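Asker: Show me the folded form of this:
(one chain, ligands or ions: 1)
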Amino acid sequence: MYKYLKINYSPKLKGTVTISGAKNAALPIIASSILSKSEVNFINVPEVADVKTLLKLLKNLGAEFKFENHNLKIDTSDINNTTAVYEIVKTMRASILVLGPLLARFGHCKVSLPGGCAIGARPVDLHLKALKLMGADISIEQGYINAKGKLKGTDIIFDKITVTGTENIIMAASLAKGKTRIINAAKEPEVTQLCEILKDAGVDIKGIGSDEIIIYGTDGELLEFKTTEIIPDRIEAGTYLAAAAITNSRITLNNVIPEHLEGILVKFKEMGFDFEENERNLTILPAKKIAPVKIVTTEYPGFPTDMQAQFMAIATQANGMSVIEERLFENRFMHVPELNRLGANISINGKVATIIGPSKLIGADVMATDLRASSALVLAGLIAKGETNVHRIYHLFRGYENFVEKFKNLGAKMEILNEEKP
Ligand code: UD1
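Answerer: This next block holds a predicted model:
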């Protein structure tokens with residue numbers, strides 16, 4: 001039985017919210033523990049469903065771990081199985097992150113193909129092409145990627161910027177023989193933190209944070225990791241800022257790196273919101289009048305696709321016409337018909353959504369389709385008159401820690417209920 005989230009009209013929020021560790025940093029970093037000689041300790045690890053899924057996958061391979069109070073101790077020295085099974089991979093595409101490290105350490109592995117997902121086809125061809133260039137022999141059989149071979153450094157040019165693709169190759173190259181040069185690498189802060197951790201663990205890496213990363217592999221020698229704290233989640237932070245924006249409220253975020261939020265803050269400012277910044281704290285101030293906005297999603301440091309749905313929810317309250325172009329994923333407008341069910345005025349033409357605001361929203365039953373779409377529906381639910389029920393809310397728990405508690409602390413009226421049978 002699925003749970004659903006009931007949200008009652010909550011037109012004002014206030015207070016402070018502490019941002020958790022970044023899911024998208026934690027996932028590759030946990031996968032990188034496959035490259036370690038001994039137990040690894042990561043702190044500030046978010047307790048979200050996707051992290052638990054990856055730990056389940058690693059346990060299935062033979063790793064042991066202890067995860068409490070955001071402190072993860074993981075020991076991969078006894079991994080005795082190199083097959084990442086469909087049953088786990090199908091629930092989380094980022095499981096593909098074990099491919100590079102497993103192949104680099106064991107010289108062979110079998111990882112289920114992740115398949116499609118609600119936001120588009122999302123292939124892994126670029127991961128495979130790069131590993132082949134490094135000398136891997138790769139075949140696809142019965143839905144599984146079979147990879148084997150000893151990896152050698154080489155030049156990799158990504159035709160498209162891919163976050164997990166870059167991370168997979170960085171991990172594979174860390175244990176490969178010789179020099180790997182990744183051209184057109186992703187520059188997301190999560191990629192940067194992975195590089196820094198591997199560098200601290202003994203890998204010679206140059207160009208960290210740039211689009212050209214050079215890795216001198218250890219030729220099979222396992223790494224010695226230092227205890228590391230996962231960076232704050234910039235998308236979770238952006239989502240709480242969006243909650244403040246849609247309700248035109250003042251809230252403060254603790255534990256953020258404002259620099260990581262630059263591409264998002266620019267758009268809030270264009271909409272009329274102002275900020276007070278203070279090292280790891282950030283306060284958003286209400287706008288006099290919410291202005292419409294033009295957004296194009298792109299790779300870091302541009303505006304992230306993972307914030308597109310939340311900004312669309314805010315745009316329903318802007319005074320005028322906003323335009324949002326989604327350049328990364330072809331099917332990431334699934335929240336549009338649901339926002340329209342609440343009374344929004346949004347039309348789609350290919351990759352472009354046009355939002356006419358402001359609209360008076362009225363509570364209704366709506367369906368979450370993916371992680372970020374769910375948060376956009378919750379944001380809209382805050383300002384919709386009456387009661388909004390967001391169904392399939394499990395999507396939300398894949399990436400947001402203590403979502404309901406954090407929102408309630410800010411004054412939002414919401415509760416999780418058991419799905420009723422029709
Ligand atoms: C990561 C993030 C996700 C975010 C996305 C874009 C994690 C765990 N997930 O996903 O939250 O929305 O980056 O910022 O970090 N592509 C190919 N072939 C490939 C790989 C990618 O064509 O082999 C395409 C994709 O379909 C997409 C684009 O490249 O159009 C970017 O995708 P990518 O950066 O790989 O996304 P993920 O790493 O899956």
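
Asker: Low-confidence bits of this structure, can you list those?
Answerer: 1, 115-121, 421-422 (pLDDT under 70).

Asker: I'd assumed residue 273 was in contact with residue 291.
Answerer: No. The pair residue 291 / residue 273 is not scored as a contact, 9.4 Å apart, by Cβ atoms under 8 Å. Every residue, glycine included, has its C-beta placed from N, CA and C.

Asker: the more surrounded of the two?
Answerer: A side-by-side neighbour count of residue 291 and residue 273, using other Cβ atoms under 10 Å, places residue 273 first with 22 against 17.

Asker: List the residues that contact the closest residue to that one other than its chain neighbours.
Answerer: Distance criterion Cβ to Cβ, 6 or more residues apart in numbering; nearest residue to residue 273, sequence neighbours excluded, is residue 287 at 4.9 Å. Residue 287 sits next to 245, 248, 271, 272, 273, 274 when contact means Cβ atoms under 8 Å, 6 or more residues apart in numbering.

Asker: Quick one: buried ones out of those residues?
Answerer: Buried members of the contacts of residue 287, counted by 16 or more other Cβ atoms under 10 Å: 245, 248, 271, 272, 273.

Asker: in the stretch 301-422 of the chain, which spans are helices?
Answerer: 308-315, 335-341, 371-383, 394-397, 403-409 (DSSP state H, counting those that start in this stretch).

Asker: right, is the longest one up against the ligand?
Answerer: No. Residues of helix 371-383 contacting the ligand under Cβ under 6 Å from any ligand atom: none, with a closest distance of 7.8 Å.

Asker: gap between residue 355 and residue 346?
Answerer: Using Cβ to Cβ, to the nearest Å, residue 355 is found at 5 Å from residue 346.

Asker: Give the full set of residues in contact with the residue nearest to residue 211 when sequence neighbours are not counted.
Answerer: Leaving out its chain neighbours, the residue that sits closest to residue 211 by Cβ to Cβ, 6+ apart is residue 185, at 5.2 Å. Residues near residue 185 by Cβ under 8 Å, 6+ apart: 158, 161, 166, 191, 207, 210, 211, 212, 213.

Asker: about what we covered before: considering the buried ones among the contacts of residue 287, which is situated nearest to residue 10?
Answerer: The closest of the buried ones among the contacts of residue 287 to residue 10 turns out to be residue 248 (Cβ to Cβ; 12.4 Å).

Asker: Who are the contact partners of the nearest residue to that closest one once chain neighbours are set aside?
Answerer: Closest residue to residue 248 apart from its sequence neighbours, by Cβ to Cβ, 6+ apart: residue 286 at 4.5 Å. Contact analysis of residue 286 by Cβ under 8 Å, 6+ apart lists 244, 248, 249, 250, 273.

Asker: Go ahead and list the helix or strand containing the first one.
Answerer: What that stands for is residue 244. Using DSSP states H and E, residue 244 maps to helix 234-246.

Asker: re the thing from before, who's more crowded, residue 355 and residue 346?
Answerer: Between residue 355 and residue 346, counting by other Cβ under 10 Å, residue 355 is the more crowded of the two (27 against 22).

Asker: That one is in contact with residue 320, isn't it?
Answerer: No. Under the contact definition of Cβ under 8 Å, residue 355 does not touch residue 320, with a separation of 9.4 Å.

Asker: where do the contact lists of the two overlap?
Answerer: Contact criterion Cβ under 8 Å, 6+ apart; residues shared by residue 355 and residue 320: residue 292.
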